[in-house]
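Participant: predicted model and sequence below, questions to follow.
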Amino acid sequence: MGLVQTAATVQKTIRVLIADDHRLFAQALEAILEADERIDVAGHARDGREAVELAASLDPDVILMDIAMPAMDGFQATRLIRKNDSSARILMLTGSNSRSDVDRARKAGAAGYVTKDRIAAELIDAIVEVVSD
């Protein structure tokens with residue numbers, strides 16, 4: 001007797017790259033994500049330049065991009081990643097709720113925007129939603 005699997009029962013794990021220069025925040029973020037069986041953290045970038053490199057080599061499904069990072073900020077890294085891979089799905093992470101940051105994130109090519117104070121409540125839903133689009 002064979003095992004029958006349908007598209008509804010086979011679900012691909014969502015591979016996520018975390019790009020954030022705050023080590024403790026990135027570790028907490030990873031713990032939140034790894035608690036969800038649908039998500040696998042593929043790697044960590046400590047700055048925008050490393051995010052661009054890892055996005056190319058790891059080919060994650062979603063990139064969580066901090067806005068303010070050394071070497072290259074999240075806006076510039078997002079533009080470069082999207083230039084190299086127009087299908088890249090990037091969610092911007094920030095402590096700011098500034099309208100200008102939201103606008104800059106969209107112009108850079110981000111698929112969404114999550115403030116760090118809402119991470120636990122909204123992040124996993126935002127990741128699943130952006131992959132479903």
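Facilitator: Good, I have the coordinates.

Participant: please count neighbours and contacts with C-alpha atoms only from this point.
Facilitator: Will do.

Participant: longest helix anywhere in the protein?
Facilitator: helix 119-132 (DSSP state H).

Participant: which residues sit against that helix?
Facilitator: If you take CA atoms under 8 Å, 6 or more residues apart in numbering as the criterion, helix 119-132 is touched by 14, 32-33, 61-62, 89, 91, 111-112, 114.

Participant: residue ranges in this structure under the pLDDT threshold?
Facilitator: Scanning the chain for pLDDT under 70 picks out 1-11, 120-121.

Participant: all strands for it, in order.
Facilitator: Secondary structure of the chain, counting by DSSP state E: strands at 14-19, 39-45, 62-66, 90-94, 112-115.

Participant: now the ones you listed as TSV including mean neighbour count and distance to residue 102?
Facilitator: Listed next are those as TSV, based on neighbours: other CA atoms under 10 Å; distance: least, CA to CA, whole Å:
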stretch	mean neighbour count	distance to residue 102
strand 14-19	23	18
strand 39-45	20	22
strand 62-66	28	12
strand 90-94	25	9
strand 112-115	19	7
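
Participant: can you list the ones you listed in TSV and add distance to residue 51?
Facilitator: Formatted as TSV, the strands of the chain follow (distance: least, CA to CA, whole Å):
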stretch	distance to residue 51
strand 14-19	6
strand 39-45	5
strand 62-66	8
strand 90-94	11
strand 112-115	17
